[in-house]
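> Need a 3D model of the sequence below.
(chains A and B)
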There are 2 protein chains.
Amino acid sequence: MNTEKNTPEAAPLDHSSVEWVAAALDSQHPADTADELENLSLAEQLEYIREMDVEDAAESITEMERHERSVLMTTLSPSFAAAILEVMSPDDAADILEDLSEEVRSRIFKKLDREDAEEISDLLQFDPDSAGGVMNTEILALDQDMNAQQAITLIRDRVEESEIPYYAYIVDEFRHLKGVLSLRDLLLSPGRTILKELLHEQNLIYVSFDVDKEEVARLISRYNFFALPVVDHEQRLLGMVTVDDVIDIIQEEASEDMQSMVGAGADETVDSPWTYSLGKRLPWLVLNVLNSAMSAFVVHLFEGTIAQMAILAALMPIVANQAGNTGQQSLAVMIRQLAMERFNRKKSWVAVAREAKIGVANGAIVGTLVFAGLFAWSHNAALAGVMAVSLGLDMFIGAVAGASIPLILKEIGRDPAQASSIFLTTLTDSLGFFTFLGLAALFLF
Amino acid sequence: MNTEKNTPEAAPLDHSSVEWVAAALDSQHPADTADELENLSLAEQLEYIREMDVEDAAESITEMERHERSVLMTTLSPSFAAAILEVMSPDDAADILEDLSEEVRSRIFKKLDREDAEEISDLLQFDPDSAGGVMNTEILALDQDMNAQQAITLIRDRVEESEIPYYAYIVDEFRHLKGVLSLRDLLLSPGRTILKELLHEQNLIYVSFDVDKEEVARLISRYNFFALPVVDHEQRLLGMVTVDDVIDIIQEEASEDMQSMVGAGADETVDSPWTYSLGKRLPWLVLNVLNSAMSAFVVHLFEGTIAQMAILAALMPIVANQAGNTGQQSLAVMIRQLAMERFNRKKSWVAVAREAKIGVANGAIVGTLVFAGLFAWSHNAALAGVMAVSLGLDMFIGAVAGASIPLILKEIGRDPAQASSIFLTTLTDSLGFFTFLGLAALFLF
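Residues are numbered from 1 along each chain as shown, chains lettered A, B, ... in the order given. Take a look at the predicted model:
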């Protein structure tokens, strides 16, 4: 036999190892095929898919970007789409169907064989943002009265048809979850040991199907699990969430936070249709104009002051911009905190106090620098003083607001990131203009 | 035996399942002990640690937040610190030592036993942001001339002393990586099969120790691996990066991107000392003042115009703010794109074109709305026209700049996120003020 072509030595050693990795990948890896598909026109995609065998097509479509995938699935004939969905794992099939229009979905459903249709339709009942919505249902459940040798034999038999089971879930005759055993536990046990006995002193950790998927991700990441079982309200085993799903959840959450903070669509990518992005962003930009109109109104109140001393118009954006930036720093740190750790109200408000302290210090230091610079340039101590005080004050307000806004949004049950940057700059702009122009009106004339 | 206390039925079923999960966790789980430790004073931490057995202490310290952990390790006596590090996996020990001052580190090194010291010191040679810096070295390497039965026996023997091996790495007599086998592969093979023969037709995927850790994370996440082997430049097996490390890398990267975008420290958390955060943020805030001074200078050039028509001072922040927000939306989407996918120059510039298109559409729509609103309020078509045109134009510029800045930073070898929001708003402020006041000076007088 020839193993040479697949061993490292077969590849040139002199170029960058990252490139080598790409070269070494089987070109048929579904993730790579999905990339190729995305670069083709729809007509070419259809032709490509029809030439593939149905398993390969299913795996590649699973890896495609959501929008592209939906367009492709909608274009396929319902019976061909159904054939593809039938060879997928039911949770992947449900994810794909979820994105399709109701009409297309029901057309495809009619072509699915009955058992698959039922399984997928059960999965579609779960909230897609819950543990039930992201779980895999192809799991290995072993009866607690089996012995270790029987379990290993069963795994050997089943392993060819499904994924490698890292964990086997141990259930009673009503499928109530009783424990979790790893392959390691099974390999280490004497063959005659009854599984039930191996569960002794085990901390069984699982989640209910209705737990938020981000909470599931936090648990798996915190405890370094490879998978977490999902149960119904009677503790019956439904499925499991695996660590590779968790990676996707974490990546999605990071995109959601970063993008929705500034009012872009939470699920936008550079592959989304541009009109989709437009629709997501426009409402927030319109809100932002209305908010800016508020701060413009503040300036409008001081038009008389500005007409007398137009330099104020030049300086006031510095105050607003600087406070906005200070606040965004606090905002970013708080949003990440909320994303990574379970919400802890006390700890969060302690964090606000910490941001306030940083805001005071930054405000004092930058205020002093600006006083020195502006005084050197204008020789106007009163002007420099008004600028420095309003700048320092607004930076402090920015820090407190930036840290508080995500918490307030969270407390009222909203996404802590959503448009938070827009709310923040509305506040820092308005208050910045008001303090600066107000102090100027009081002390400079 | 009593299995009751560990089965689900032992817990009340009526309260929220998320809370139940917390209650079910063994209170001795290292991640939880680490949390408890972080809530204690340093003196209390020392007392707590001394009461724990050294393995538990090591596991809990590994899970602690970096700053807290460094303070604690610095306070422990060097010989106690060394005893704790010796029972850790060498890569965890290296991570901890990396954060300590050189002086403390060398004091602890003197107390480490020679073999551990060498292993840890080898690991410290690797760039902490590379595959070598995050890999685990406790791996299962099997000789390619072994047969499957021997391999399984060896795994059974070794499994008690180390982590469960999901993959066994197959090497030749010089430790050159020849292939990877999963437990599944081994369990499925006839006992007498020589491992070398199982590697037939395998796509061996690995990375060199100097590959960036974020690239490793992307590979593992893209191909849904549980671990990826790390080799030296002669393809000799060094270690592996596992999926739980990848989760940490992805979380860190998301925090870095979001925080460094606005000039906060990439590795800041709400647990960092506040002076640390201050030091990270202040330089960018000072840069931001200097940048704002630039846009202030633009306004300063038009002071005559503003003195004649102070309403301009009220309207110009709307232009700047709106363009800044539009640009930040593009910025966020691009930074996430760069974080999640391997860099593809062509695709990235196509994405800039996409953002430009969205910018034009948003600019046209918001510009039209603002024209209507401002005309209704001021009955001044020229003013409303100048406002609408400069707003639309600056929003377009913001979108293009927001999408391009991360790419430009990337092309010149910088972090695509670093202070990108600051660069962006400098541009949108200056250009916004310039177009608006310039057009006003031309058309309104």
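> Contact partners for the spatially most central residue of chain A?
For chain A, A:Glu253 is the residue whose C-alpha lies nearest the centre (C-alpha atoms, centre = their mean; 1.3 Å). A:Glu253 makes contact with A:214, A:217, A:339, according to C-beta atoms under 8 Å, 6 or more residues apart in numbering or on different chains. Where you see a C-beta, it was placed from the backbone N, CA and C, and this is true even at glycine.
> Among these, which one has the most neighbours?
When neighbours are counted by other C-beta atoms under 10 Å in any protein chain shown, A:Ala217 leads the contacts of A:Glu253 with 27 neighbours.
> Can you list the buried residues in stretch A:189-206?
Buried positions in stretch A:189-206, judged by neighbour count with 16 or more other C-beta atoms under 10 Å in any protein chain shown: A:189, A:193-196, A:198-199, A:202, A:204-206.
> of those, the lowest pLDDT goes to which?
Taking the buried residues of stretch A:189-206 together, the minimum pLDDT is found at A:Gln202 (69).
> quick revisit: which of the buried residues of stretch A:189-206 lies closest to B:Leu427?
A:Ile205 (49.9 Å; C-beta to C-beta).
> Over to the closest one: give its phi and psi.
Phi and psi for A:Ile205, reported as degrees, to the nearest 10, are phi -120, psi 130.
> and A:His176, backbone torsions?
The phi/psi pair for A:His176 (degrees, to the nearest 10) is phi -70, psi 130.
> That one bridge partners, please.
Taking DSSP bridges, one obtains A:Arg236 as the residues bridged to A:His176.
> thinking it is in contact with A:Asp232, fair?
No - using C-beta atoms under 8 Å, A:His176 is not in contact with A:Asp232; the gap is 9.9 Å.
> and the gap between A:Gly385 and A:Gly373?
13 Å (C-beta to C-beta, to the nearest Å).
> tell me the contacts of the nearest residue to A:Glu355 once chain neighbours are set aside?
Computed as C-beta to C-beta, 6 or more residues apart in numbering or on different chains, the closest residue to A:Glu355 that is not its neighbour in sequence is A:Ala403, at 3.8 Å. A:Ala403 makes contact with A:330-331, A:333-334, A:351-352, A:354-356, according to C-beta under 8 Å, 6+ apart.
> okay if I get these as CSV plus pLDDT, secondary structure and neighbour count?
Below are the contacts of A:Ala403 laid out as CSV (pLDDT from 0 to 100; DSSP: H, G, I helix; E, B strand; the rest coil; neighbours: other C-beta atoms under 10 Å in any protein chain shown):
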residue, pLDDT, secondary structure, neighbour count
A:Ser330, 96, helix, 31
A:Leu331, 95, helix, 31
A:Val333, 94, helix, 28
A:Met334, 95, helix, 25
A:Ala351, 94, helix, 22
A:Val352, 96, helix, 20
A:Arg354, 95, helix, 20
A:Glu355, 96, helix, 27
A:Ala356, 96, helix, 18
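> can you give me the helices in the stretch 201-350 of chain A?
Counting by DSSP state H, counting those that start in this stretch, one finds helices in the stretch 201-350 of chain A at the ranges A:213-222, A:243-261, A:274-301, A:303-308, A:311-340, A:345-378.
> Which of these has the highest mean neighbour count?
helix A:311-340 (a mean of 28; mean count of other C-beta atoms under 10 Å in any protein chain shown).
> wait, does that helix contact chain B?
Yes - with C-beta under 8 Å from any C-beta of the partner chain as the criterion, chain B is reached by helix A:311-340 at A:311-318, A:320-322, A:324-326, A:328-337, A:339-340.
> hmm, back to that, host element of the residue nearest to A:Glu355?
Per DSSP states H and E: A:Ala403 is located in helix A:381-411.
> Give me the contact status of the helix or strand that comes right after that helix with chain B.
With elements assigned by DSSP H and E, the helix or strand that comes after helix A:381-411 is helix A:420-443. Yes - judged by C-beta under 8 Å from any C-beta, helix A:420-443 comes into contact with chain B through A:421-422, A:425, A:429, A:433.
> I'd like the residues you listed as CSV, with pLDDT appended.
Below are the residues of helix A:420-443 next to chain B laid out as CSV (pLDDT from 0 to 100):
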residue, pLDDT
A:Ser421, 93
A:Ile422, 92
A:Thr425, 93
A:Asp429, 94
A:Phe433, 95
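> Generate a ChimeraX selection restricted to the buried entries among the residues you listed.
To isolate the buried members of these in ChimeraX, using 16+ other C-beta under 10 Å:
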select /A:421,422,425,429,433
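> Would you mark the buried spots in the helix holding A:Ala403?
Per 16+ other C-beta under 10 Å, helix A:381-411 contains these buried residues: A:383-407, A:409-410.
> just the angle between it and helix A:311-340, please?
In terms of direction (axes from the mean of the first three to the mean of the last three C-alpha atoms, to 10 degrees), helix A:381-411 departs from helix A:311-340 by 30 degrees.
> Measure how helix A:381-411 sits relative to helix B:274-301, angle-wise.
Between helix A:381-411 and helix B:274-301, the angle comes out at 120 degrees (the same axes, to 10 degrees).
> Which helix or strand contains A:Arg50?
helix A:42-51.
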